[in-house]
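Undergrad: coordinates only, sequence not included:
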């Protein structure tokens, strides 16, 4: 075929040019070739570093600066981005939204709550199961829910004012889940697991996972209270953790026991 003939002809021409090149007779050909290859790799690394340092790679810098402004506005950091006490406490919170928990903590929202009500509040932050039937809340829990929404929307407004792409309503909607608020409250008050399961349509395995998250949140908040010297609230969080660490939810696994 014509294409094959042309390719064969080109190959023969290239072979002639290669053989006529003085590099082919160089005894250090392989060494020189390795040097050229290494230089190519170094040039590629330099290009990557230049891109990393260029403005094209800083497409998230505006969001970063906006969130730094939020932390400064809420007094988590100084203007020099040094952690304040609130910032140090915030680091200890991993299970829940740390901003909401810290604002609740420093505004003394937990002091008027019972241990079971603290568990119910933390369930709205630590558990993200969106399904399930609507919980039946008493007046106290309804009031807690309203205050929690107000705090979340207030934080959303601050973030929006600082340039973060959110809104008060969107921030509250994406960070708060009330599906297990009744479950957390009743479990902390000692109701059996079988009755707890009847309160919601969420599967038993998801309930077990959610309750363990509530316990983790209680222990993180207890540590945060110790950092700021609030021993009374730390003891309340310890009591809340004790109330929910019971029954089949925290039973040892037969598969893990020796």
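TA: Perfect, I can see it now. The structure displayed is predicted, hence computed values, not measured ones.

Undergrad: Next, work out how far apart residue 221 and residue 3 are.
TA: Separation of residue 221 from residue 3 (Cβ to Cβ, to the nearest Å): 74 Å. Heads up, the C-betas are built off the backbone N, CA and C, glycines and all.

Undergrad: just residue 65 next, same as before
TA: For residue 65, the distance to residue 3 - Cβ to Cβ - is 58 Å.

Undergrad: Compare those two and say which is more crowded by neighbours.
TA: Neighbour count, other Cβ atoms under 10 Å: between residue 65 and residue 3, residue 65 has more, with 12 against 7.

Undergrad: which phi and psi does the residue lying closest to the more buried one once chain neighbours are set aside have?
TA: Spatial nearest neighbour of residue 65, chain neighbours left out: residue 163 (7.5 Å); criterion: Cβ to Cβ, 6 or more residues apart in numbering. Main-chain dihedrals, residue 163, degrees, to the nearest 10: phi 100, psi 0.

Undergrad: go on, residue 234?
TA: The phi/psi pair for residue 234 (degrees, to the nearest 10) is phi -60, psi -40.

Undergrad: Thought residue 222 was touching it, still the case?
TA: Yes: counting by Cβ atoms under 8 Å, residue 222 is a contact partner of residue 234 at 5.0 Å.

Undergrad: so what's residue 83 closest to, chain neighbours aside?
TA: Setting aside the residues directly before and after it, residue 83 is nearest to residue 77 in space (Cβ to Cβ, 6+ apart), at 5.9 Å.

Undergrad: Enumerate every residue touching the one you found.
TA: By Cβ atoms under 8 Å, 6 or more residues apart in numbering, residue 77 lies in contact with 68, 71, 83-84, 87.

Undergrad: Same question for residue 124.
TA: The contact partners of residue 124, by Cβ under 8 Å, 6+ apart, come to 145, 148, 176-178, 180-181.

Undergrad: quick one: residue 6 from residue 85, how far?
TA: From residue 6 to residue 85 the distance is 77 Å (Cβ to Cβ).

Undergrad: ugh, typo on my part, it should be residue 195
TA: Per Cβ to Cβ, residue 195 is found 42 Å from residue 85.

Undergrad: Neighbour count: the two, which is higher?
TA: Higher neighbour count among residue 195 and residue 85: residue 85, with 13 against 10, using other Cβ under 10 Å.

Undergrad: how much space is there between the nearest residue to the more buried one once chain neighbours are set aside and residue 110?
TA: Leaving aside its sequence neighbours, residue 85 sits nearest to residue 228 (Cβ to Cβ, 6+ apart; 6.8 Å). According to Cβ to Cβ, residue 228 stands 12 Å off from residue 110.
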